[in-house]
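J.: Mind looking at a prediction? Sequence and model below.
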Amino acid sequence: MRVTKLAHAVDFAFQLIYNESYMKKTFMHLLIVLMLVAASGAQALLAQETPVQLLGMTSRGGAAGLGTIYKIYSDNGEPIVLHSFNGADGAVPVESLTLASNGSLYGMTSVGGTSGYGTIFRIDADGSNYQVLHNFDYFDSNPNGSLTQTPDGPLTGMSIGNGGGSRNIFKINLDGSNYRIFTSFLNAKYNVGPAYGSVLQAGGWIYLMTPQGGTSDNGAILKISTNGTYLTGVHYFEGNDGAHP
């Protein structure tokens, strides 16, 4: 009986994977695990802890004091430094690492690199093959947030344009090729403060946040069409519903 239920659960899970949209696929791995546990009645699986490898970044510290990439296991509190930034290869990393579909980890530094305005990098989970994929410059500088892999494959992120007067949304291929500014918008034109954080692409739109600006200067959630021609507000915070996201 359990074998039949298990087979049905696996079949249903794979139907979901191949029929649902890209954004929903991110939930499928968890869904499969839950259905397999329910179908097999394996309560012992939930009670047994398996060590998990966690990876992250620090904005300071390391050999040069400019930040690190580290891993740590859930059953061992001692972090292992995989890479220490030295300035030339980036410094002061921002937000989180992104695990892409090719198995590599991607991230950004807010400063450092050849021009001092930040980098995009990749690294393997064991700390090998660190590589700077892109160096930012004055007109396209100081990235913030985390990279997001879009449904069509490239990574998307956000940087500062024109010395701070605008925000750029960029794309870059996983191998570092074809870096391009996807769209750019002026902060003053749309009465919004500097956008920051991670961007999300879904349903033909790119979503982002600003900590200031909007109708009450409490910040906003914005969306930009994927062809870069149209920007509009999804929500302007008024204070009673929150402020400065």
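T.: Structure received. Numbers count the residues shown, from 1 in each chain.
J.: Now that we're looking at the residue nearest to F237 when sequence neighbours are not counted, what pLDDT does it have?
T.: Nearest-residue entry for F237: N218, 4.0 Å, with adjacent residues in sequence omitted and distances by Cβ to Cβ, 6 or more residues apart in numbering. Yep, even glycine has a C-beta here, placed from its N, CA and C like the rest. In this model, N218 is scored at 80, pLDDT.
J.: check contacts around G103.
T.: D124, A125 (Cβ atoms under 8 Å, 6 or more residues apart in numbering).
J.: Kindly apply the preceding question to G176 instead.
T.: Contacts of G176 by Cβ under 8 Å, 6+ apart are I120, R122, Q131, L133, H134.
J.: Just the residues you listed: which are in strands?
T.: Using DSSP state E, I120, R122, Q131, L133, H134 are the members of those that sit in strands.
J.: Most neighbours among those residues, please name it.
T.: Across these, neighbour numbers were computed from other Cβ atoms under 10 Å; I120 holds the maximum, 25 neighbours.
J.: Skipping its backbone neighbours, what lies nearest that one in space?
T.: Closest to I120 by Cβ to Cβ, 6+ apart is H134, at 4.2 Å.
J.: can you pull the contacts of G157?
T.: Applying Cβ under 8 Å, 6+ apart, the residues near G157 are M108, I120, P143, G145, S146, L147, T148, I169, F170, I172, S198, V199.
J.: now with 7 Å?
T.: Remark: with contacts taken as Cβ atoms under 7 Å, 6 or more residues apart in numbering, G157 is in contact with M108, P143, G145, L147, F170, V199.
J.: likewise I181?
T.: D140, N168, F170.
J.: Which of those fall within strands?
T.: Per DSSP E, those map to strands at D140, N168, F170.
J.: Relative to Y230, which of these is nearest.
T.: Closest approach between those and Y230, by Cβ to Cβ: N168, at 16.7 Å.
J.: was I right about that closest one contacting D140?
T.: Yes. With contact defined as Cβ atoms under 7 Å, N168 reaches D140; the gap is 5.6 Å.
J.: returning to what we had before: any idea which of the contacts of G176 is closest to T114?
T.: After measuring the contacts of G176 against T114 - Cβ to Cβ - the closest member comes out as H134, at 10.1 Å.
J.: quick one: contacts for the closest one?
T.: T119, I120, I172, G176, Y179.
J.: Now do it against T232, distance only.
T.: 29 Å (Cβ to Cβ, to the nearest Å).
J.: hang on, the earlier thing: pull out the buried residues from the ones in strands among the contacts of I181.
T.: D140, N168, F170 (16 or more other Cβ atoms under 10 Å).
J.: Let me know the helix or strand that the closest residue to the last one other than its chain neighbours is in.
T.: Leaving out its chain neighbours, the residue that sits closest to F170 by Cβ to Cβ, 6+ apart is I181, at 5.2 Å. With elements delineated by DSSP states H and E, I181 resides in strand 180-186, which encompasses its position.
J.: Show me the shaky parts of this structure.
T.: 1-50, 162-165, 185-198, 213, 226-229 (pLDDT under 70).
J.: tell me the domain ranges of it?
T.: 2-47, 53-186 (automatic domain parsing).
J.: No more questions from me, cheers.
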